[in-house]
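> Turn this into a structure:
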Amino acid sequence: MNIVNYCKDSYNELVHKTTWPSRSELTNSAVVVLIASLCIALVIFVMDQIFRFVMETIYGLF
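Residues are numbered from 1 along each chain as shown. As a prediction, the model looks like this:
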């Protein structure tokens with residue numbers, strides 16, 4: 001019986017009490033996440049290149 005009540009309460013909350021974002025809000029959020037991900041990837045790439053340069057300078061392996 002508890003599982004049935006839980007499912008009913010969950011459905012009621014999702015349908016009546018949850019505020020869903022509009023399409024434009026969702027698109028804006030996706031763009032922000034995409035830009036942030038690209039910035040983080042760029043920072044990691046630059047750090048990797050610097051580390052590689054330092055290792056090549058010190059050890060001369062590559």
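> Strands of the chain, residue ranges please.
Using DSSP state E, the chain contains no strands.
> the bottom helix or strand of it by mean pLDDT?
One helix or strand of the chain scores below all others by mean pLDDT, DSSP states H and E: helix 2-12, with a mean of 92.
> so how far is it from its chain's centroid?
With CA atoms, centre = their mean, to the nearest Å as the basis, helix 2-12 stands 30 Å off its chain's centre.
> how close does Ser37 get to Val4?
In this view, Ser37 and Val4 are 41 Å apart by CB to CB, to the nearest Å. (Glycine included, C-beta is placed from N, CA and C.)
> for Thr18, phi and psi?
phi -90, psi 140 (degrees, to the nearest 10).
> That one: how many residues sit nearby?
8 (other CB atoms under 10 Å).
> follow-up on the earlier one: could you export the least confident helix or strand of the chain as PDB, keeping only the C-alpha atoms?
What follows is helix 2-12 as a C-alpha-only set of coordinates in PDB (Å, rounded to 0.1, in the frame of the first residue of the first chain):
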ATOM      1  CA  ASN A   2       2.900   2.400   0.700                       C
ATOM      2  CA  ILE A   3       4.300   1.900  -2.800                       C
ATOM      3  CA  VAL A   4       0.900   2.800  -4.400                       C
ATOM      4  CA  ASN A   5       0.700   6.000  -2.200                       C
ATOM      5  CA  TYR A   6       4.200   6.900  -3.100                       C
ATOM      6  CA  CYS A   7       3.500   6.500  -6.800                       C
ATOM      7  CA  LYS A   8       0.300   8.600  -6.600                       C
ATOM      8  CA  ASP A   9       2.100  11.300  -4.600                       C
ATOM      9  CA  SER A  10       5.000  11.400  -7.000                       C
ATOM     10  CA  TYR A  11       2.600  11.700 -10.000                       C
ATOM     11  CA  ASN A  12       0.600  14.400  -8.300                       C
END
